[in-house]
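Undergrad: one predicted model, sequence on top.
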Amino acid sequence: MQSFGKTMRNSLPAIGLGLISAFGLAGVMAVAAPAAIAQQPQVKAKKEFVDNFNLAQAALVAKNYPEAVAKANAAQPHAADNQQKCVLDQIRAASYFAQKQHALVIAAAESAMSLGCLTPDQQKNYKQMLAGAYAETGNADKAMQLTKEFIDQYGGDPTQLAYVARDALGKGQYDDAVKFAERAIEQLQKDGKPPNATYYNIILNAHQKTNNLDEYYKTLERVAPLLNSETYWRPLIERAKREPKFKAQEAQLDIYRTLSTAGVKLNPNEQREMAELALSRGMSIESEQVFDPLFKAGTLGGATDQNAERNKKLYATAQQEAKADKSGGLAQSEKEAATKPTGEVYAITGESYLGAGDYAKAAELIQKGLDKGSLEPGVADLIRLRLGIAQYKAGQKDVARKTWSEIRGDNGSAWLAKVWTAISKT
């Protein structure tokens, strides 16, 4: 028999990793000017070298890369020392880089680095460029080795850190995958750049592989408000259904409301179920609003609807009851609520106003229901969740967050309260 944790892991939705390139080849730094050669008077540059070097440099600036390489090669036999050889390698490396001739980039760059004449900034640039070039030629191991050395020496940029994280994930080194992805995210934030979905996806996949569901959902909670995407909102919200005391008849409608508010597109079957749940709970105005577009599009009640007659009757009932509620039915329910021994009728009437879009009235009546009390603890938490929703939609975000913070129920209410708090931060 499968464990609960394993069952949960296997049913988690797949989160795509996206692509991470060889962290982007860095631009080759400018080659040394002839003046740098003149600084070593003990080694005089030959005229043949200077003439060809100047032509090579001019061709490079003009983006005539084959000509730049040809003139650098012509100058090579006349190079008198390592510095003169080095500037020719730099011209070749820059030209090959521009033409995406990665194997030749490697040869020219490694030659320049071996000559010991690059400045510290040039050394850093070439190390970064070499790692990318090795990756482009398919030598992933060498690229990874150089990338890790670069990160150890210089700290690395977000893309380099994510490149290492992605490699660690593929090798089953899940702790390293999380560590480097988190560093990539941290560096991205320091650089003031927008969040990158791929970095978070690495973390999500690592936690999923190790069945670390607490961290998996914590990561969803972090990333959903940042990227505001269905990819993250849907699994985060639907996690509420895994709560021990979750009951669809009591809380599934709240899940659909949460999905809709988060911008998750409900499929027609989900919309139909949402409308039916609202109707069964006495939320006829909300039910009618959800049914309307389905019937107008012919999705329900049309030629392709196998349950057309049934659905038409439900829609007609929703319309009839919604009309009655709008014409004084809700006001009458409010009066009746005052005579009831518990706050349930107040809460249900307030929830109806919530579905109808009258958020201030909804908050008022739901609060009255809670104040009157005599409610089951789990029911009270779901009512408190809806109170926070009404407050949030009425523009009282801070008040709503305080309301949600007080919910402890394990029937989906506390989880959805956490999600609504995240939604309020978007």
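TA: Everything's here; your move. Nothing here was measured: the structure is a model prediction, and the numbers come from that model.

Undergrad: now stretch 318-333: buried residues?
TA: Neighbour-count burial for stretch 318-333 flags 318-319, 321-322, 325, 329-330, 333 (criterion: 16 or more other CB atoms under 10 Å). The C-beta positions use only the backbone N, C-alpha and C, and glycine is treated the same way.

Undergrad: kindly check the end-to-end length of it for me.
TA: Across stretch 318-333, the terminal residues are separated by 17 Å (CA to CA, to the nearest Å).

Undergrad: tell me the mean pLDDT for that stretch?
TA: Here stretch 318-333 scores 97 as its mean pLDDT.

Undergrad: show residues contacting that stretch.
TA: 275, 278-279, 284-285, 287-288, 291, 345, 348-349, 352-353, 356 (CB atoms under 8 Å, 6 or more residues apart in numbering).

Undergrad: keep only those of the residues you listed that are in helices.
TA: Counting by DSSP state H, the part of the contacts of stretch 318-333 found in helices is 275, 278-279, 284-285, 287-288, 291, 345, 348-349, 352-353, 356.

Undergrad: what is the most widely separated pair among the residues you listed?
TA: Maximum pairwise distance among the ones in helices among the contacts of stretch 318-333 (CB to CB): 24.7 Å, between Phe291 and Val345.

Undergrad: out of the two, which sits in the more crowded spot?
TA: Neighbour count, other CB atoms under 10 Å: between Phe291 and Val345, Phe291 has more, with 27 against 22.

Undergrad: so what's the nearest residue to the more buried one once chain neighbours are set aside up against?
TA: Leaving aside its sequence neighbours, Phe291 sits nearest to Ala275 (CB to CB, 6 or more residues apart in numbering; 4.5 Å). Counting by CB under 8 Å, 6+ apart, Ala275 makes contact with 287-288, 290-291, 294, 314, 318.

Undergrad: what is the nearest of those to Asp214?
TA: Of those, the one sitting nearest to Asp214 (CB to CB) turns out to be Val290, at 33.7 Å.

Undergrad: mind checking how far the closest one is from Gly357?
TA: 13 Å (CB to CB, to the nearest Å).

Undergrad: the two - which one has more neighbours?
TA: Val290 (25 against 12).

Undergrad: which residue packs closest to that one, ignoring adjacent ones?
TA: Excluding its sequence neighbours, the residue lying closest to Val290 (CB to CB, 6+ apart) is Ala275, at 3.9 Å.

Undergrad: how far is the helix or strand harbouring Gln122 from where the chain is centred?
TA: For Gln122, the element it lies in under DSSP states H and E is helix 120-136. Distance, stretch centre to chain centre, for helix 120-136: 29 Å (CA atoms, centre = their mean, to the nearest Å).

Undergrad: export that helix as CSV, just CAs?
TA: Taking C-alpha atoms only, helix 120-136 is exported to CSV below (Å, rounded to 0.1, in the frame of the first residue of the first chain):
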residue,chain,number,x,y,z
PRO,A,120,42.2,40.8,-14.4
ASP,A,121,38.9,42.0,-16.0
GLN,A,122,39.9,40.3,-19.2
GLN,A,123,40.8,37.1,-17.4
LYS,A,124,37.3,37.1,-15.8
ASN,A,125,35.6,37.7,-19.1
TYR,A,126,37.6,35.0,-20.8
LYS,A,127,36.8,32.4,-18.1
GLN,A,128,33.2,33.1,-18.5
MET,A,129,33.3,33.0,-22.2
LEU,A,130,35.2,29.7,-22.2
ALA,A,131,32.6,28.0,-20.1
GLY,A,132,29.9,29.1,-22.5
ALA,A,133,31.9,28.0,-25.5
TYR,A,134,32.5,24.6,-24.1
ALA,A,135,28.8,24.2,-23.4
GLU,A,136,28.0,25.2,-27.0
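
Undergrad: about what we covered before: now the buried members of the contacts of stretch 318-333.
TA: So, by 16+ other CB under 10 Å, the buried ones in these are 275, 278-279, 284-285, 287-288, 291, 345, 348-349, 352-353, 356.

Undergrad: and these, which is closest to Glu309?
TA: Closest to Glu309, out of all of those and judged by CB to CB, is Phe291, at 14.8 Å.

Undergrad: Gly116: how many residues sit nearby?
TA: That count, for Gly116 with other CB under 10 Å as the rule, works out to 10.

Undergrad: and the strands in the chain, which stretches?
TA: Taking DSSP state E as the criterion, the chain carries no strands.

Undergrad: any idea which residue sits dead centre in it?
TA: Ala197 (3.6 Å; CA atoms, centre = their mean).

Undergrad: so how far is Ala262 from the spatially closest residue to that residue that is not a sequence neighbour?
TA: Using CB to CB, 6+ apart and skipping the chain neighbours, the partner closest in space to Ala197 is Leu227 (5.6 Å). Leu227 is 12 Å from Ala262, where distance means CB to CB.

Undergrad: okay, the two: which has more neighbours?
TA: Between Leu227 and Ala262, Ala262 has the larger neighbour count (other CB under 10 Å), namely 22 against 17.

Undergrad: so what's that one scoring on pLDDT?
TA: Looking at Ala262, its pLDDT is 98.

Undergrad: contact partners for the residue nearest to it when sequence neighbours are not counted?
TA: Closest residue to Ala262 apart from its sequence neighbours, by CB to CB, 6+ apart: Trp233 at 4.1 Å. Taking CB under 8 Å, 6+ apart, we find Trp233 in contact with 224, 259, 262-264.

Undergrad: out of these, which are buried?
TA: 224, 259, 262, 264.

Undergrad: what about the residues you listed, which are in helices?
TA: 224, 259.

Undergrad: from the buried ones among the contacts of Trp233, which is closest to Lys47?
TA: Out of the buried ones among the contacts of Trp233, the member with the shortest distance to Lys47 (by CB to CB) is Ala224, at 67.2 Å.

Undergrad: these two touch, right, the closest one and Tyr232?
TA: Yes: taking contacts as CB atoms under 8 Å, Ala224 lies within contact range of Tyr232: 4.0 Å.

Undergrad: how far does stretch 322-331 sit from its chain's centre?
TA: Worked out by CA atoms, centre = their mean, stretch 322-331 lies 43 Å from the chain centre.

Undergrad: make residue 1 into 451 and carry on from there
TA: With 451 as the first residue, the last one maps to stretch 772-781.

Undergrad: kindly check the end-to-end length of that stretch for me.
TA: For stretch 772-781, the end-to-end distance is 13 Å (CA to CA).
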